[in-house]
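Undergrad: Compute the structure for the input listed below.
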Amino acid sequence: MEILYILLFLVQHVILCLCEDQPLQCSELQVGQYKCKEPEIDDYRQSAVNCDVSRKVKVECMPVANITCDDVMYNGTTVSNSIVKEVDCRYTTQYSYTTSLLLSIFLGMFGVDRMYLGYPALGLLKFCTLGFLFVGQFLDIILIATQVVKPADGSDYIISYYGPMLNKMEINNNTYIMPPPTANYVDEL
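TA: Got it, this is the predicted structure:
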């Protein structure tokens with residue numbers, strides 16, 4: 001049994017020695033060891049250029065100062081060609097938030113707002129019933145204003161950078177939940 005432990009120790013030691021000799025690859029840097037450039041923003045659509053349907057855009061990143069990877073020492077301003085990360089972006093096509101809201105307010109009883117957003121069946125139904133006797137028009141104004149109803153192609157509205165943009169908050173595996181303060185933490189303050 002002792003021989004097995006000694007053999008396991010030797011194998012583990014050899015593996016650690018082999019790993020230390022390999023240089024760090026820039027593509028394997030951890031979060032905090034690199035910083036990424038901001039994506040280029042399209043002036044008309046107010047979203048990142050080349051943002052795809054998956055709502056991701058590729059951006060160039062650079063190692064922070066004093067990081068050596070790919071046998072090169074980086075100073076924090078030099079871009080490494082091997083670090084390209086995907087960041088979240090707003091996928092927009094051709095639908096304007098302002099146009100959708102104005103169509104809903106003034107021509108919603110005729111279903112023009114739903115036709116514009118790509119819902120022809122609901123638009124025709126609203127047209128035939130005069131916006132469900134104006135109740136459907138009122139509901140659509142609220143739904144479009146709160147950005148619950150979006151274009152049929154799944155894209156976001158084109159909204160000014162400082163406009164009434166709605167960002168949904170969600171909790172996922174990348175979310176940090178701060179633990180509640182302890183008695184020692186309160187005493188330190």
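Undergrad: unless I'm mixing things up, L130 is touching L107, no?
TA: No: no contact is recorded between L130 and L107 when judged using Cβ atoms under 8 Å, the distance being 11.8 Å. For every residue, glycine as well, the C-beta is placed using N, CA and C.
Undergrad: Quick check on the two: which one has the bigger neighbour count.
TA: Here L130 and L107 are set side by side on neighbour count (other Cβ atoms under 10 Å), and the busier one is L107, at 17 against 13.
Undergrad: Can you check which strand is longest in the protein?
TA: In terms of residue count, the longest strand belonging to the chain (DSSP state E) is strand 56-63.
Undergrad: so what does that one touch, helix or strand wise?
TA: If you count contacts as 3 or more Cβ pairs under 8 Å, 6 or more residues apart in numbering; DSSP states H and E, strand 56-63 packs onto strand 34-36, strand 84-88.
Undergrad: Now render these as JSON lines, adding distance to C61 and mean neighbour count.
TA: Conversion of the helices and strands packed on strand 56-63 to JSON lines gives the following (distance: least, Cβ to Cβ, whole Å; neighbours: other Cβ atoms under 10 Å):
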{"stretch": "strand 34-36", "distance to C61": "4", "mean neighbour count": "17"}
{"stretch": "strand 84-88", "distance to C61": "5", "mean neighbour count": "14"}
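Undergrad: between those, which one is nearest to C69?
TA: With respect to C69, and counting by Cβ to Cβ, the nearest of those is strand 34-36 at 8.9 Å.
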